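Asker: Model the following, please.
(one chain, ligands or ions: 1)
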Amino acid sequence: MKVLVLLVAIIVGAAHECHGSEHGASFQIFPLRMKTGSGGHYIPEVSCASWRLGVEAHNVIEWKTVPLSCEGYIGNYILGDQYRSDSKTVNQQAYFYAKTLNITAKDVWVFDIDETSLSNLPYYAQHGFGVEPYNATAFNEWVELGEAPALPESQKLYKKLLSLGVKIVFLTGRPLDQKTVTVANLKRAGYNTWFKLILKDTSIYHGKTAVTYKSSERKKLEEEGYNIIGNIGDQWSDILGTNTGDRTFKLPDPMYYIS
Ligand SMILES: [Mg+2]
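Answerer: Okay, here's the model as predicted:
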């Protein structure tokens, strides 16, 4: 028995002192532990990072606003390097996939507009990065300015797909009466050409979810004989439902949720 206890003690002791080395540098392996402050205090940057991961993985759904305690975290994320880097990873993967394909004249790629092709960050930065409840009047006033900049990494993908000969379809939840300003905004932001721009006909889709609306419009495209080789958006409702495309790409968006 004493021998067994001694053996266990030696093994436990060895595990605690386990050292590794990589490129000549020595480091100690610590047991994984929760990053909480002394006394287990709540740390917003940790909890908000978990919340954001939950949002992106579609585990946190149907949320109305960003948690109040996460305004600073989300603002830093969106304005900092991480959002740009995350967007770049998604768009790069989309391009790596697209360039493996033999593109035909029937191949289309579906782009969402808001927070995918165009960024409403100038608006959201003035409205708490999603902490404030959605205000349709204020948001539509912003849209009507037609000043939304492009999301740079998405625009790179757009240009590369065009050069591969892929047809671009913009499919947006913006209503038909925002068509003129949306066309002007897309061109102003550097999206100069597309095959189709589909806006929401509220006489057909009033009260319907984005999943229903977008699925239905993608179905029409496929019934017209087009192949949706790719589909990219910032909302899960852009990529769920039917006729989703051969591959879907989810861009980050921790500021709002559309079902
Ligand atoms: Mg969007």
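
Asker: what number of residues lie near Gly165?
Answerer: In terms of burial, Gly165 registers 11 neighbours under the definition other Cβ atoms under 10 Å. Just so you know, the C-beta spots here come from the backbone N, C-alpha and C atoms, and that holds for glycine as well.

Asker: cool, and Asn102?
Answerer: When neighbours are counted by other Cβ under 10 Å, Asn102 comes out with 6.

Asker: and it, which of the three is it?
Answerer: Assigned by DSSP: H, G, I helix; E, B strand; the rest coil, the conformation of Asn102 is coil.

Asker: how close does it get to Phe111?
Answerer: Asn102 sits 21 Å away from Phe111, going by Cβ to Cβ, to the nearest Å.

Asker: now Thr100
Answerer: Summarising the geometry, the distance separating Thr100 from Phe111, computed by Cβ to Cβ, is 19 Å.

Asker: If you count surrounding residues, which of the two has more?
Answerer: Neighbour totals were compared for Thr100 and Phe111, and Phe111 leads with 27 against 7 (other Cβ under 10 Å).

Asker: who does that one bridge with?
Answerer: Each beta-bridge partner of Phe111 is listed here: Phe170, Ile232, as defined by DSSP bridges.

Asker: In this structure it contacts Lys167, no?
Answerer: No: with contacts defined as Cβ atoms under 8 Å, Phe111 does not count as touching Lys167, sitting 11.0 Å away.

Asker: Ramachandran angles for the closest residue to Asn231 other than its chain neighbours?
Answerer: Leaving out its chain neighbours, the residue that sits closest to Asn231 by Cβ to Cβ, 6 or more residues apart in numbering is Gly245, at 3.5 Å. According to degrees, to the nearest 10, the main-chain angles of Gly245 amount to phi 110, psi 160.

Asker: residues contacting Gly245?
Answerer: Taking Cβ atoms under 8 Å, 6 or more residues apart in numbering as the contact definition, Gly245 lies against Trp109, Val110, Arg218, Ile228, Ile229, Gly230, Asn231, Ile239.

Asker: Kindly provide the distance from the last one to Thr104.
Answerer: Using Cβ to Cβ, we find Ile239 at a distance of 23 Å from Thr104.

Asker: Of these two, give the one with the bigger neighbour count.
Answerer: Comparing Ile239 with Thr104 by other Cβ under 10 Å, the one with more neighbours is Ile239, at 22 against 12.

Asker: Can you classify the residue nearest to that one when sequence neighbours are not counted as helix, strand or coil?
Answerer: With Cβ to Cβ, 6+ apart as the criterion, Ile239 has its nearest non-adjacent residue at 3.8 Å, and that residue is Thr248. The three-state label for Thr248, taken from three-state DSSP, comes out as strand.

Asker: ok, which residues in the protein are in contact with the ion?
Answerer: Counting by Cβ under 5 Å from the ion, the residues of the chain close to the ion are Asp112, Asp114, Glu115, Thr116, Asp234.

Asker: can we see that at 6 Å?
Answerer: The chain comes close to the ion at residues Asp112, Asp114, Glu115, Thr116, Gly233, Asp234, Gln235, as judged by Cβ under 6 Å from the ion.

Asker: how far away is the residue nearest to the second one when sequence neighbours are not counted from Ile198?
Answerer: Setting aside the residues directly before and after it, Asp114 is nearest to Asn120 in space (Cβ to Cβ, 6+ apart), at 5.8 Å. Spatial separation of Asn120 from Ile198 under the definition Cβ to Cβ is 19 Å.

Asker: same question, Leu79
Answerer: Looking at Leu79 against Ile198, where the rule is Cβ to Cβ, the gap reads 31 Å.
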